[in-house]
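>>> could you look at this predicted model? Sequence included:
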Amino acid sequence: MITIYNKIKKVSDEKNIKLYVYIDTNGTIFSDKLKEIKNLFINITVSCPEDHNKLRNYITYKDCYTQVIENILKIEKEIKNAKLSLRYNVHNKNINDLEKHIKSLISKGISSREMDLAYTVSHNEFINTLSKSDYYKWLYDDAYKILKKYKFSIRYFPVYSFYPCSAYSKNSFKVHCDGKISLCDSWDIKKSKFSIDDVIKNPDMFFDFYKNIKYFTPIKNKKCQNCKFLLLCGGLRFCDKNPCEKFNYLNLLLSSFKNCN
Ligand code: SF4
């Protein structure tokens, strides 16, 4: 990881690009080499012990939850250069456990108050029966109130942006653990045509190949250009069949405010 970081840093410095490193991890491995990385963001997925251990039933870790909590505490204590965020992947079985989860994190001495709530997409044998509209209703009605109650920052919404997400950000890419490169988490890694070596040798080739995404602007889309949520949404994106859905419930809430005396 540090070798790759140093190579990317060299290219970024040559091109005068400020490098931000964002690590998405299951948090099972800790390394104090993380201290060497500047502008570092770490995102660790963790939920209540029973949910976490059921979904992360690794041979190497019988109690993956405890292992991850220990590593979060080590990061908070030792990796002072990092900004840490905890990710709670929401599905039908854990949607009512957010408060219990937060209380448990606090009781274990975790001081991070950054939490990324994310709808879990069904994959392989895992089926999430929670509908997206129920998820958004929960987010606006319950989840933000719980985050506020425990003084977690609510930084993911609203997000003022003029592009949908990091995949559309000009110089951003994701390095997977096998060295393949994709645009973001949602990009099908099997479609990946490049490795980290290709990008280090010829960064322009990668960004040219994805220029339709990298130079996308929602202003060119008729539906988005007239949408009142454009600055909160960023516009259409390849990973979401119905990106407007997340605003349906918000729209309903806003119209109920309008009708208040
Ligand atoms: S909510 Fe829908 S129409 Fe509005 S900006 Fe987002 S994708 Fe475009």
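Right, received. Where do you want to start?
>>> check the secondary structure at whichever residue of the stretch 1-150 of the chain sits closest to the ligand for me.
In the stretch 1-150 of the chain, the residue that lies nearest the ligand is Tyr136 (12.0 Å; C-beta to the nearest ligand atom). All C-beta spots, glycine's among them, are computed from the backbone N, C-alpha and C. Following DSSP: H, G, I helix; E, B strand; the rest coil, we place Tyr136 in the helix state.
>>> what helices or strands is whichever strand or helix holds Ile146 leaning on?
Here Ile146 is covered by helix 144-149, with elements defined by DSSP states H and E. Where contact means 3 or more C-beta pairs under 8 Å, 6 or more residues apart in numbering; DSSP states H and E, helix 144-149 is packed against helix 98-107.
>>> pairing partners for the next helix or strand after the helix it packs on, with directions?
Downstream of helix 98-107, the first helix or strand assigned by DSSP H and E is strand 115-119. Sheet pairing of strand 115-119 (DSSP bridges) gives strand 82-90 (parallel).
>>> could I have the CA atoms of the partner strand written out in CSV?
Coordinates of each C-alpha in strand 82-90 appear next as CSV, following Å, rounded to 0.1, in the frame of the first residue of the first chain:
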residue,chain,number,x,y,z
ALA,A,82,-6.3,10.4,9.5
LYS,A,83,-9.9,11.4,9.5
LEU,A,84,-12.0,8.4,10.4
SER,A,85,-15.6,7.7,9.4
LEU,A,86,-17.6,4.7,10.4
ARG,A,87,-20.0,3.3,7.8
TYR,A,88,-23.3,1.7,8.8
ASN,A,89,-24.7,-0.4,5.9
VAL,A,90,-28.5,-0.4,6.3
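>>> how about that strand, which residues are buried there?
Neighbour counts over strand 82-90 (16 or more other C-beta atoms under 10 Å) mark Ala82, Leu84, Ser85, Leu86, Arg87, Tyr88, Asn89, Val90 as buried.
>>> now do stretch 196-211
Going by neighbour count (16+ other C-beta under 10 Å), the buried part of stretch 196-211 is Ile196, Asp198, Val199, Pro203, Phe206, Phe207, Tyr210.
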